[in-house]
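>>> All I have is the shape, not the residue letters:
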């Protein structure tokens, strides 16, 4: 699809706002479906965020996650375990902020025309693994640099990754592949319709 065709087919501002709102609702619901773990619960949040990115594209996907974060900052209980804005300064804040990039990267793949399950799976896995960069950077020093004390800041890299990363790797890969398969199937269905 050429840029001109994309511009012609771009949804109205009202429809885009509805997509963003629907996306934030999907992410908030997925955040409540969790397996309790400490300090970071394993939720379906990343699957939903990848799905939003694949469905809406890079720009609108990132805007949707920013709106989701704003909802939490305003006090709505949209984060895992019905947490709200306090989570934005807790030990998982790096992951929450990293969700914007996760949606953007998934959406960028879609915007670039990737539709096959293998290509989308590779993108989803890479984006999910990249989420650990801001997720670990926050307790490793970013929080302290902005004057916030968080759990895990006193841990060495090994114990920190054991708490924040290692238990979630397999689940994140599985969720990434599921999101890619759903997106690939959905895109194939849309192509068949029109």
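Everything's here; your move. Everything numeric here is computed off the predicted structure, so don't read it as measured data.

>>> can you map out the helices along this protein?
With DSSP state H as the criterion, the chain has helices at 3-9, 13-32, 45-73, 93-111, 117-130, 132-137, 143-145, 157-164, 169-193.

>>> okay if I get those as CSV plus mean pLDDT, distance to residue 85 and mean neighbour count?
For glycine as for every other residue, the C-beta is placed from the backbone atoms N, C-alpha and C. Putting the helices of the chain into CSV (pLDDT from 0 to 100; distance: least, CB to CB, whole Å; neighbours: other CB atoms under 10 Å) gives the following:
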stretch, mean pLDDT, distance to residue 85, mean neighbour count
helix 3-9, 51, 35, 9
helix 13-32, 97, 14, 17
helix 45-73, 97, 4, 24
helix 93-111, 97, 10, 23
helix 117-130, 96, 25, 19
helix 132-137, 96, 18, 18
helix 143-145, 88, 15, 14
helix 157-164, 91, 21, 15
helix 169-193, 91, 25, 16
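
>>> Adding distance to residue 82, write the ones you listed out as JSON lines.
Formatted as JSON lines, the helices of the chain follow (distance: least, CB to CB, whole Å):
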{"stretch": "helix 3-9", "distance to residue 82": "38"}
{"stretch": "helix 13-32", "distance to residue 82": "7"}
{"stretch": "helix 45-73", "distance to residue 82": "10"}
{"stretch": "helix 93-111", "distance to residue 82": "14"}
{"stretch": "helix 117-130", "distance to residue 82": "24"}
{"stretch": "helix 132-137", "distance to residue 82": "20"}
{"stretch": "helix 143-145", "distance to residue 82": "22"}
{"stretch": "helix 157-164", "distance to residue 82": "21"}
{"stretch": "helix 169-193", "distance to residue 82": "21"}
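
>>> Next, the contact list for the spatially closest residue to residue 46 that is not a sequence neighbour, please.
Among residues not flanking residue 46 along the chain, residue 175 sits closest, at 5.4 Å (CB to CB, 6 or more residues apart in numbering). Residue 175 is in contact with 44, 46-47, 50, 128, counting by CB atoms under 8 Å, 6 or more residues apart in numbering.

>>> Closest one to residue 186 out of the residues you listed, please.
Nearest to residue 186, judged by CB to CB, of the contacts of residue 175 is residue 50 at 12.3 Å.
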